[in-house]
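Trainee: Show me the folded form of this:
(one chain, ligands or ions: 1)
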Amino acid sequence: MKTIKAERELALDFLRVTEAAAIESAKTMGQGDRKHSDHVAVEAMREVMDTVPMRGRIVIGEGERDEAPMLYIGEEARAEFPEVDIAVDPLEGTNLCALGANNAIAVLAAAERGGLLNAPDIYMDKIVVGPSSRGAVDIDAPVEENLKNIARRLGRDVDDLTVICLDRKRHKKLVDDVRAAGARIRLISDGDLSAGISAAVAGTNIHALMGIGGAPEGVITAAAMKCLNGEIQAKLVYDPARLGVDASKVPSEEQVMKRLNEMGITDPNKIYDTNDLAPGKKIIFAATGVTDGALLRGVRFFGAGKRTHSVVMTTDSKSIRFVDTVHVEGGPDAVIRF
Ligand code: VTB
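Mentor: Prediction:
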């Protein structure tokens with residue numbers, strides 16, 4: 001991105017991109033078909049992304065694991081425009097949308113070239129905290145110690161904390177440890193990206209996200225943390241025993257190492273911090289609610305149009321914009337509701 005002006009303008013372009021993906025996937029809410037919900041989000045995102053004046057390169061995209069048809073990693077477009085690396089999750093929480101459950105979002109992050117880690121689509125262990133707890137946690141430390149440090153920073157007791165975590169068998173020990181430390185816990189079926197963002201926003205009553213989710217979601221979370229002054233620490237996970245799955249369900253260590261090498265990652269046990277995952281100096285983050293959530297309302301449909309609720313933020317502007325957009329349809333007589 002050549003100038004700040006360009007970055008600001010791009011932020012609004014990206015808002016249109018996540019709005020479009022959210023609207024199309026929200027139309028499929030509750031239909032029970034997560035693949036279809038994802039597919040329409042990908043297509044809508046792609047269509048609007050094509051109109052953005054940039055040379056966009058998708059560094060985190062759909063396709064690798066889900067074999068979604070578009071937004072493959074490495075896609076290139078245009079020539080005379082600024083070079084931008086993009087990480088997309090057109091529908092974060094496909095199951096949530098398919099079931100009409102809370103917290104599905106359409107989301108993307110962008111940065112100057114090289115500003116977002118080209119992470120493989122494997123699992124990642126994460127700890128995410130807000131600005132008050134930055135520097136107070138260590139992904140390798142015992143859960144109890146991290147919780148005590150977070151509580152100290154927030155000026156409260158551990159039993160006043162809430163940790164959010166994906167409800168998975170692989171988290172049995174983590175959940176036991178959080179409970180033993182005395183903190184409260186919120187188990188979610190899907191969507192650790194929006195959960196991580198909640199942990200970095202005061203007032204959501206979430207104080208940390210912990211546990212293993214997707215690495216691509218980790219990179220996009222890191223981009224959000226740069227804009228929100230939060231922190232993520234993370235490690236790639238591919239050991240089937242740790243994931244609590246049969247070895248046939250995940251790529252072999254050899255396959256993972258090959259993929260990591262192709263991506264320029266030499267140490268699979270590296271601890272990534274916010275800046276490793278999102279080293280960019282000029283980061284843009286945009287997300288639009290698909291279903292209602294902690295931070296964003298879901299898409300609402302009415303006779304004369306649709307209404308979307310989004311958050312757009314950049315590292316540069318020091319403003320977090322919550323954008324409530326009415327997309328008017330129905331011609332000159334359309335009635336706009338407040
Ligand atoms: C993770 C998490 C995502 O899917 O990728 C998860 O980061 C998949 O985990 O937020 P499992 O394979 O254990 O189901 C989400 O929850 C939603 O896409």
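Trainee: where exactly do the helices run in the stretch 101-250 of the chain?
Mentor: Assigned helices in the stretch 101-250 of the chain, in chain order: 143-154, 172-181, 192-199, 215-228, 240-243 (criterion: DSSP state H, counting those that start in this stretch).
Trainee: can you put the ones you listed in JSON lines and add distance to Pro53, mean pLDDT and mean neighbour count?
Mentor: (Each C-beta comes from the backbone N, C-alpha and C, glycine too.) Below are those laid out as JSON lines (distance: least, CB to CB, whole Å; pLDDT from 0 to 100; neighbours: other CB atoms under 10 Å):
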{"stretch": "helix 143-154", "distance to Pro53": "42", "mean pLDDT": "98", "mean neighbour count": "19"}
{"stretch": "helix 172-181", "distance to Pro53": "44", "mean pLDDT": "98", "mean neighbour count": "15"}
{"stretch": "helix 192-199", "distance to Pro53": "27", "mean pLDDT": "97", "mean neighbour count": "28"}
{"stretch": "helix 215-228", "distance to Pro53": "21", "mean pLDDT": "97", "mean neighbour count": "27"}
{"stretch": "helix 240-243", "distance to Pro53": "41", "mean pLDDT": "92", "mean neighbour count": "14"}
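Trainee: and of the ones you listed, who's closest to Leu295?
Mentor: Each of these was scored for nearness to Leu295 using CB to CB, and the closest is helix 192-199 (6.3 Å).
Trainee: Can you give the distance of the closest one from its chain's centre?
Mentor: Relative to its parent chain, helix 192-199 has a centroid offset of 7 Å by CA atoms, centre = their mean, to the nearest Å.
Trainee: Identify the residues contacting that helix?
Mentor: Contact with helix 192-199 is made by 89, 92-93, 103, 105, 107, 126, 128-130, 164, 166, 188, 204, 206-209, 211, 213-214, 217, 220-221, 224-225, 228, 230, 232, 287, 293-296, as judged by CB atoms under 8 Å, 6 or more residues apart in numbering.
Trainee: For the helices of the stretch 101-250 of the chain, give me CSV that also has distance to the ligand.
Mentor: CSV is the format used below for the helices of the stretch 101-250 of the chain (distance: least, CB to the nearest ligand atom, whole Å):
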stretch, distance to the ligand
helix 143-154, 19
helix 172-181, 13
helix 192-199, 4
helix 215-228, 4
helix 240-243, 8
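Trainee: As JSON lines, those helices with distance to Asn275 would be great.
Mentor: Output for those, formatted as JSON lines (distance: least, CB to CB, whole Å):
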{"stretch": "helix 143-154", "distance to Asn275": "20"}
{"stretch": "helix 172-181", "distance to Asn275": "25"}
{"stretch": "helix 192-199", "distance to Asn275": "16"}
{"stretch": "helix 215-228", "distance to Asn275": "8"}
{"stretch": "helix 240-243", "distance to Asn275": "25"}
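Trainee: The spatially closest residue to Gly264 that is not a sequence neighbour: neighbour count?
Mentor: Excluding its sequence neighbours, the residue lying closest to Gly264 (CB to CB, 6 or more residues apart in numbering) is Asn118, at 7.3 Å. By other CB atoms under 10 Å, the residues close to Asn118 number 19.
Trainee: can you pull the pLDDT of Asn118?
Mentor: At Asn118, the pLDDT value in this model is 90.
Trainee: swap in Ala77?
Mentor: Reported pLDDT at Ala77 in the predicted model: 59.
Trainee: ok, now Val201?
Mentor: Looking at Val201, its pLDDT reads 95.
Trainee: wait, doesn't it sit right on Val129?
Mentor: No: in this structure Val201 lies outside contact range of Val129 using CB atoms under 8 Å: 11.3 Å.
Trainee: out of these two, which sits in the more crowded spot?
Mentor: Val129 (28 against 17).
Trainee: Would you check how far apart that one and Ser25 are?
Mentor: 29 Å (CB to CB, to the nearest Å).
Trainee: any idea how far Leu243 lies from Ser189?
Mentor: Counting by CB to CB - Leu243 and Ser189 are separated by 17 Å.
Trainee: And Phe322, by the same measure?
Mentor: Distance from Phe322 to Ser189, by CB to CB: 25 Å.
Trainee: Please apply the same query to Gly230.
Mentor: When distance is defined by CB to CB, Gly230 is 23 Å away from Ser189.
Trainee: how about the strands of the stretch 1-150 of the chain, start to end?
Mentor: All strands of the stretch 1-150 of the chain, identified by DSSP state E, counting those that start in this stretch, fall at 55-60, 83-92, 105-112, 123-129.
Trainee: residue ranges with poor pLDDT in the stretch 201-338 of the chain?
Mentor: Regions of the stretch 201-338 of the chain meeting the criterion pLDDT under 70 cover residues 338.
Trainee: can you give me the strands in it?
Mentor: 208-214, 231-237, 272-273, 284-289, 300-302, 305-314, 320-328.
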